[in-house]
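In: Give the three-dimensional model of this entry:
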Amino acid sequence: MHRPMEGVRVLEVAQFTFVPAAGAVLADWGADIVKIEHAERGDAQRGLIRVLGLDALARGGSFFPIMEGPNRGKRSVGLALENPAARPVLERLVRESDVFLTNFLPSARAKLGIDVDDIRALNPDIVYVRGSGFGQRGAEADKGGYDSTAFWARGGSAAGVTPPDSESMMRMPAGAYGDSIGGMTIAGGIAAALYSRKVTGEPSVVDVSLLGVGAWATQLSVNMALALGGPLPKTPHPEHGSAANPLIGPYRTADGRWLELAMLQPGRYWPEFCAVAGRPDLVADERFDGAENLMKNAAEASGIVAGLIAARDHTEWVELLTGTDGQWALVQEPWEVGQDPALRANGLVAPLEDADGVERELVANPVQFDETPAELRRAPRFAEHTDEVLRELGLTDDELIRLKVDGAIT
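Out: Residues are numbered from 1 along each chain as shown. Alright, predicted model coming up:
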């Protein structure tokens, strides 16, 4: 299998999901990710397992998707960065790495001696990568952020999906939603920086913020507002379909499920839809005969479409629409996404064996090389690979014992 990042070593000093997700993607692509965790507490994400009550879902095992997703394929080293005795170990790790990946805030990086100048003094060729909430410049450079604040709220997505008359703000559709998108973004930036270093000989400092990723995700609306010179007008959505096309938008089935139609050329797809819906007579109806009339009478046509879809349950509609030329989708819940036949046919739900020897599955990153699905490996237990990684650096057993006595490693 072609693993384009084979031979690349990434030193990850990061917590939670946003930046660690980038390390997971790079591990899928073949990189060796050495994850530095706090020598006593580990990645703060491990603590969230209990805080959020997710340990109950593991049913006594060690498999926690909140850790597995952004940390699969890595090796964990427990290293007390705040302990001077650990500094020589960190320095040796830095010298052996191609990429330094972190989401620590500027004040923490300065305190621990892991800022750009500190790391470059040890390894001038290293690619230095920072993930942040709000970027490295400006008044909020040292302000922490999560995807719910920086990506979802500040980046425009929350406003984009919350109806003007709603009494509550719409939440993210999944945990770590913006974090996962941001992690893919960071991984792409690292790949570009490594290519640039190979071509030019110069290493880069790579920055990705959750706010920037959020604004990129909503760029169409933001760009239109910028072009307009002010807030976009609040345009009410019709009850069904769109203002000029009855074959666009969500429709509810008889059993309460949703179908999303996206047939952007109404004149082209109207005859086929009417045929499968059992109403071929609508094609010759003077209100809807041709794209121009269909668009002019879209509201009336949308009401008819809503009634047709509401008369059958979702399984009937999936059977009727399968094989048609128009674009549509059943709105799926997480379990259904995990069983999606297209995802599975393309290896985008991939198997792995967890730390207890149990066969599991995770969503793979969406990038494939040479039509080959990624081979996933489990996330590490806390500090599982400390001795292994440090022995690779040449440390002896006596040195490892001394470091443990000094509280520098776990």
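In: Residue nearest the middle of the chain, spatially speaking?
Out: Nearest to the geometric centre of the chain sits residue 180, at 1.9 Å (C-alpha atoms, centre = their mean).
In: Apart from its neighbours in sequence, what residue is nearest that residue?
Out: residue 21 (5.5 Å; C-beta to C-beta, 6 or more residues apart in numbering). No exception for glycine: its C-beta is placed from N, CA and C like everyone else's.
In: That neighbour touches residue 177, doesn't it?
Out: No. Between residue 21 and residue 177 there is no contact under C-beta atoms under 8 Å: 11.2 Å.
In: Looking at these two now, which is surrounded by more residues?
Out: Each of residue 21 and residue 177 has its neighbours counted (other C-beta atoms under 10 Å); residue 21 has more, 26 against 17.
In: Pull the contacting residues for the more buried one.
Out: Residue 21 makes contact with 69, 70, 176, 179, 180, 182, 183, 184, 186, according to C-beta atoms under 8 Å, 6 or more residues apart in numbering.
In: Which strand or helix spans it?
Out: helix 18-28 (DSSP states H and E).
In: Compute the inter-axis angle for the helix or strand just after that helix and helix 18-28.
Out: Downstream of helix 18-28, the first helix or strand assigned by DSSP H and E is strand 32-37. Orientation note: strand 32-37 sits at an angle of 150 degrees relative to helix 18-28 (axes from the mean of the first three to the mean of the last three C-alpha atoms, to 10 degrees).
In: Strand 32-37 pairs with which strands, and in what direction?
Out: strand 9-13 (parallel), strand 74-78 (parallel) (DSSP bridges).
In: Next, the buried residues of the first one.
Out: Along strand 9-13, the positions that meet the burial threshold by neighbour count (16 or more other C-beta atoms under 10 Å) are 10, 11, 12, 13.
In: what does stretch 140-147 give?
Out: Under 16+ other C-beta under 10 Å, the buried positions of stretch 140-147 are 140, 145, 146, 147.
In: now do stretch 361-381
Out: So, applying 16+ other C-beta under 10 Å, buried residues of stretch 361-381: 362, 363, 364, 365, 368, 373, 374, 376, 378, 379, 380.
In: Same list (those residues) but as CSV, adding distance to residue 343 and secondary structure.
Out: Listed next are the buried residues of stretch 361-381 as CSV, based on distance: C-beta to C-beta, whole Å; DSSP: H, G, I helix; E, B strand; the rest coil:
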residue, distance to residue 343, secondary structure
362, 12, strand
363, 8, strand
364, 9, coil
365, 12, coil
368, 12, coil
373, 11, coil
374, 13, coil
376, 14, coil
378, 20, coil
379, 21, coil
380, 26, coil
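In: Report the two of these separated the most.
Out: With C-beta to C-beta as the measure, no two of those lie farther apart than 368 and 380, at 24.3 Å.
In: can I assume residue 128 sits in a strand?
Out: Yes. Residue 128 forms part of a strand when assessed by DSSP: H, G, I helix; E, B strand; the rest coil.
In: Touching, it and residue 119? I think so.
Out: Yes. The pair residue 128 / residue 119 is scored as a contact, 5.9 Å apart, by C-beta under 8 Å.
In: which neighbours do these two share?
Out: With C-beta under 8 Å, 6+ apart as the test, residue 128 and residue 119 both reach residue 100.
In: wait, residue 70 sits on residue 186?
Out: No. Counting by C-beta under 8 Å, residue 70 sits too far from residue 186 to count as a contact (11.3 Å).
In: where along the stretch 101-250 of the chain do the helices fall?
Out: 106-112, 116-122, 157-161, 177-200, 210-217, 219-228 (DSSP state H, counting those that start in this stretch).
In: Can you say which of those helices is nearest to residue 241?
Out: Distance to residue 241, taken as C-beta to C-beta, is lowest for helix 157-161 among the helices of the stretch 101-250 of the chain, at 18.6 Å.
In: can you give me the offset of that closest one from its chain's centre?
Out: 18 Å (C-alpha atoms, centre = their mean, to the nearest Å).
In: ok, and for that helix, which residues are buried?
Out: For helix 157-161, by 16+ other C-beta under 10 Å, it's 157, 158, 159.
In: can you check stretch 221-232 too?
Out: residue 222.
In: Only the C-alpha atoms, please, for it, written as CSV.
Out: Taking C-alpha atoms only, stretch 221-232 is exported to CSV below (Å, rounded to 0.1, in the frame of the first residue of the first chain):
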residue,chain,number,x,y,z
SER,A,221,-22.0,33.8,2.5
VAL,A,222,-19.2,35.9,3.9
ASN,A,223,-18.0,36.8,0.4
MET,A,224,-21.5,37.8,-0.6
ALA,A,225,-21.8,40.0,2.5
LEU,A,226,-18.4,41.6,1.7
ALA,A,227,-19.5,42.3,-1.8
LEU,A,228,-22.8,43.8,-0.6
GLY,A,229,-21.0,45.9,1.9
GLY,A,230,-23.2,44.8,4.8
PRO,A,231,-25.3,42.0,6.3
LEU,A,232,-27.1,39.8,3.9
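In: who's in contact with the helix or strand of the chain with the lowest mean pLDDT?
Out: Lowest on mean pLDDT, DSSP states H and E among the helices and strands of the chain sits helix 44-51, with a mean of 86. Contact partners of helix 44-51, identified using C-beta under 8 Å, 6+ apart, comprise 15-17, 20, 38, 41, 54-55, 64, 66-67, 70-71, 382.
In: Buried residues in it, which are they?
Out: Those buried within helix 44-51 under the rule 16+ other C-beta under 10 Å are 45, 46, 48, 49.
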